[in-house]
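Asker: how would this look folded up:
(one chain, ligands or ions: 1)
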Amino acid sequence: MTKKVLVIGEVRDGELRNVSFEAIAAGKTVANGGEVVGVLLGDNVSGLTDVFAQYGADRVIVAEHPDLKTYTTDAYQQAILQVFDIENPDGVILGHTAMGKDVGPRLAMKLQAGLMSDAVSVELDGDDAIFTRPIYSGKAFEKKKVKEGIVCATIRPNNIAALEQDPTKKADVSTVAVDIKDLRTVIKDVVQKATGGVDLSEANVIVAGGRGVKSKEGFQPLQELADLLGGAVGASRGACDADYCDYGLQIGQTGKVVTPDLYFAIGISGAIQHLAGMSNSKVIVAINKDPEAPIFEVADYGIVGDLFEILPILTEELRNLLV
Ligand code: FAD
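Answerer: All right, here's what the predicted structure looks like:
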């Protein structure tokens with residue numbers, strides 16, 4: 001049986017985030033040959049319709065309203081539910097991002113839907129969409145399906161491959177006038193931290209440092225390696241607690257969960273709480289002076305030695321390879 005699935009796009013700095021394209025790919029599986037409808041919410045997002053279609057949305061709905069300019073739980077929940085009422089779909093998919101983690105469970109509750117949170121893959125078993133999701137901080141995976149009714153899912157960034165972009169495609173667009181009222185919270189101002197560069201949760205390469213990096217300045221060579229590889233810098237909580245870097249860079253159980261193609265763990269011991277955020281990375285390279293450090297148990301490549309000697313050599317060798 002085919003299904004209709006809504007995919008809620010997530011816009012940052014005027015562009016759709018990659019996870020929205022990955023959500024379209026997940027939506028295609030859940031729809032089982034049915035329709036995947038991209039939903040764009042914001043106050044000036046109609047310029048993004050074609051790119052949504054180019055990554056596979058069969059149709060795109062635009063809901064613009066001044067109160068949707070910046071994400072708030074109330075406004076987005078109201079807008080999505082109004083689109084839901086018009087479209088009457090069988091499922092809704094979001095990224096497992098700060099927004100998806102917040103509004104996903106609320107939608108599931110309002111729609112009396114089964115929630116598949118933090119899915120890393122989805123496949124069909126007959127008509128049923130089977131979601132795989134990590135449990136026990138990533139130490140095991142469970143396969144789960146919604147028994148009946150509406151499927152609500154959030155998908156972890158960087159795990160489900162987006163479809164190939166077809167740059168020639170034009171979107172089939174419709175607009176929905178949403179009515180936003182009785183907001184309990186209002187955003188007065190958004191103060192962005194000047195981290196800049198590649199978004200950590202969507203980066204293909206992450207160069208993460210720990211307490212072994214020893215200072216704020218010690219992070220500069222890590223930034224150089226990240227820049228060389230087009231990646232982002234991350235950190236252990238040890239490094240954040242020591243004030244070597246901002247908590248926005250923390251990876252782990254109480255930080256960001258990342259799945260890059262390549263993860264460098266530099267001067268990080270590999271505590272279980274750190275592994276919970278990065279152990280599903282595709283290739284892990286660890287540099288640590290302690291050969292017994294637990295990080296080596298999950299590393300694909302381990303270098304035992306002083307990071308201050310190894311890192312400049314590694315960066316230089318990679319630079320020579322890349323130019
Ligand atoms: P350390 O454990 O101190 O390790 C530093 C490493 O650097 C050592 O292995 C050392 O051998 C190596 N080193 C030192 N000098 C050099 C050198 N010159 N060259 C090479 N190697 C060197 N942690 C997280 O990371 N993320 C989380 O989200 C998180 N959540 C937590 C939640 C809870 C409830 C709790 C209790 C803890 C949490 N932690 C988290 C903390 C975690 O338990 C560890 O304390 C933390 O990960 C340690 O950080 P670290 O590896 O940088 O520091």
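Asker: what sits against the closest residue to Asp306 other than its chain neighbours?
Answerer: In this structure, Asp306 finds its nearest non-sequential neighbour in Lys289, 5.5 Å apart by Cβ to Cβ, 6 or more residues apart in numbering. Quick note: C-beta positions are derived from backbone N, CA and C, even for glycine. Applying Cβ atoms under 8 Å, 6 or more residues apart in numbering, we find Lys289 in contact with Gly212, Val304, Gly305, Asp306, Leu307.
Asker: isn't the last one right next to Ala265, touching?
Answerer: No - here Leu307 lies out of contact with Ala265, judged by Cβ atoms under 8 Å, at a distance of 10.2 Å.
Asker: need the residues touching each of the two.
Answerer: By Cβ under 8 Å, 6+ apart, the residues touching both Leu307 and Ala265 are Ile287, Asn288.
Asker: neighbour count winner among those two?
Answerer: Ranked by neighbour count (other Cβ atoms under 10 Å), Leu307 and Ala265 place Ala265 first, with 31 against 23.
Asker: adjacent strands (with direction) for the helix or strand of the chain with the lowest mean pLDDT?
Answerer: Taking mean pLDDT, DSSP states H and E as the measure, the helices and strands of the chain show their lowest mean at strand 11-12, namely a mean of 92. Note on strand 11-12: by DSSP bridges, its sheet partners are strand 15-16 (antiparallel).
Asker: what's next to the partner strand, contact-wise?
Answerer: Gly9, Glu10, Leu40, Leu48, Val51, Phe52.
Asker: and stretch 273-293, how far from the chain's centre?
Answerer: 20 Å (Cα atoms, centre = their mean, to the nearest Å).
Asker: export that stretch as CSV, just CAs?
Answerer: Provided in CSV are the C-alpha atoms of stretch 273-293 (Å, rounded to 0.1, in the frame of the first residue of the first chain):
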residue,chain,number,x,y,z
GLN,A,273,30.0,9.4,27.5
HIS,A,274,32.2,10.7,24.7
LEU,A,275,31.9,7.4,22.7
ALA,A,276,28.1,7.8,22.9
GLY,A,277,28.4,10.8,20.6
MET,A,278,30.9,9.6,18.0
SER,A,279,31.4,5.8,18.0
ASN,A,280,29.3,5.4,14.9
SER,A,281,31.6,7.6,12.8
LYS,A,282,32.7,5.7,9.7
VAL,A,283,36.5,6.0,10.2
ILE,A,284,38.0,7.0,13.6
VAL,A,285,41.6,8.1,14.0
ALA,A,286,42.9,8.5,17.5
ILE,A,287,46.1,10.2,18.7
ASN,A,288,46.9,9.6,22.3
LYS,A,289,50.2,9.2,24.3
ASP,A,290,48.6,6.5,26.5
PRO,A,291,48.6,3.2,24.6
GLU,A,292,45.9,1.9,27.0
ALA,A,293,43.5,4.8,26.4
